[in-house]
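Undergrad: The following block contains a protein sequence and its predicted model.
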Amino acid sequence: MTQEAPSVFLRRAAVRFDGRPVFEGLDLDLPAGRWICLLGESGVGKSSLLRLIAGLCAPQEAQGTLSCSDGLPLAGRVAYMGQGDLLAPWATVLQNVLLGARLRGGRSAERAGQARAREVLARVGLAGREDALPAQLSGGMRQRVALARTLFEDRPVVLMDEPFSALDAVTRHRLQGLAVELLHGRTVLMVTHDPLEALRLADRIEVLAGSPPRLRPVMPPVGRAPRPLDDPALAKQVEALLSALGAPAAAA
C-alpha cells in the first residue's frame, strides 16, 4: 500500500432524490485501518450513503462535510465497488481490472499493471479467463472481476456495496478471507444485508434504520477477522444483531 489509510469523518450528511429526503443529518466516523459494516433494510439509504462518500452523488442531491484525519482530500484515494459489477462490455476481464490504470495513465500504465492484475485475478479464481468478455461470464464470475478491480486499485479507503452477494457459499467464504487479507490496514466501509457476513468481517457494525433513518452502532464482533463460522460466540451475536436490525432507531 502506497498511502497510509486515514480516518474519514462525515458530518451532517443528507441525500435527496426528486426533492424527497433519503436521509439527512447523519454523522459517521470511519476509523483508520478498520473495517466497518453497514446493515439496514432495503431502501433505507445504505447505497446512497456509500455513493455520497465516494463522491458519486450529484451536487444537487447530496450535502455534507467530508474530512480526513491527515488533512488531505479524500478524492483520488477511494476504491469503490458498487452493487452492479459495472464491467465495460467491450473490454476483456484483464482490461476491466486495468481500466482505472489506463484512464489515469494511458496504455503505459495499463501495461505496467498487467502482472499484478493477473495475480489478483488468480487470487479470486479467474486465472485463465483474462481474455474473456463479460458476456461470457456467469454473474458470480463478473462479481469476482469487479472485486479484483477494487483490490487492484490498492487505495487507502475502500467502499464496497454487497461485494459477495452473487457468489456461491464456498466462494463467498474464501473471498471474504482474501479481502480481509488484501485490505488489511485500509479504511473499509462495506454495505451488506447478511448479519453473519458482517460479524465475520467487521471491526465495527453500524445499523441504518428508522424513519427518518439514523445510524446506530451495535455490539462489536468478538475476536479477529475473518472469524470462523463455527464459533459459538458468532452464533449468539447473529441473534443479537437480528434483534438490533428489527428494533426502532433512536432519535438523533
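TA: On my side now, so go ahead. Numbering: from 1, shown residues only.
Undergrad: Just give me how far the strand or helix carrying residue 122 sits from the chain centre.
TA: Using DSSP states H and E, the element containing residue 122 is helix 114-123. Put simply, helix 114-123 sits 20 Å off its chain's centre (CA atoms, centre = their mean, to the nearest Å).
Undergrad: do stretch 234-250 as well
TA: Distance, stretch centre to chain centre, for stretch 234-250: 21 Å (CA atoms, centre = their mean).
Undergrad: can you check stretch 3-16 too?
TA: Using CA atoms, centre = their mean, the offset of stretch 3-16 from its chain centre is 14 Å.
Undergrad: Stretch 216-234 now?
TA: 19 Å.
Undergrad: try stretch 92-103
TA: Chain-centre distance of stretch 92-103: 19 Å, with CA atoms, centre = their mean.
Undergrad: Would you mind giving the domain segments of this protein?
TA: 1-77+156-252, 89-154 (automatic domain parsing).
Undergrad: show me the contacts for the residue nearest to the spatial centre of the chain.
TA: With distances taken as CA atoms, centre = their mean, the residue of the chain nearest its centroid is residue 160 (1.5 Å). Shown in contact with residue 160 (CB atoms under 8 Å, 6 or more residues apart in numbering): 80, 81, 150, 188, 189, 190, 191. All C-beta atoms are positioned from the backbone trio N, CA, C, and that covers glycine.
Undergrad: any chance of the domains of the chain in CSV, plus mean pLDDT?
TA: Below are the domains of the chain laid out as CSV (pLDDT from 0 to 100):
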stretch, mean pLDDT
domain 1-77+156-252, 90
domain 89-154, 95
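Undergrad: re the thing from before, am I right that the residue nearest to the centre of the chain is in a strand?
TA: Yes. Using DSSP: H, G, I helix; E, B strand; the rest coil, the assignment for residue 160 is a strand.
Undergrad: Across the sheet, point out what pairs with it.
TA: Beta-bridge pairing for residue 160 (DSSP bridges): residue 81, residue 190.
Undergrad: From residue 175, how far off is it?
TA: 11 Å (CB to CB, to the nearest Å).
Undergrad: With residue 114 instead?
TA: 22 Å.
Undergrad: Those two - which one has more neighbours?
TA: More crowded of residue 114 and residue 175, by other CB atoms under 10 Å: residue 175, with 22 against 15.
Undergrad: which residue sits closest to residue 52 in space, ignoring its chain neighbours?
TA: Nearest residue to residue 52, sequence neighbours excluded (CB to CB, 6 or more residues apart in numbering): residue 62, at 4.9 Å.
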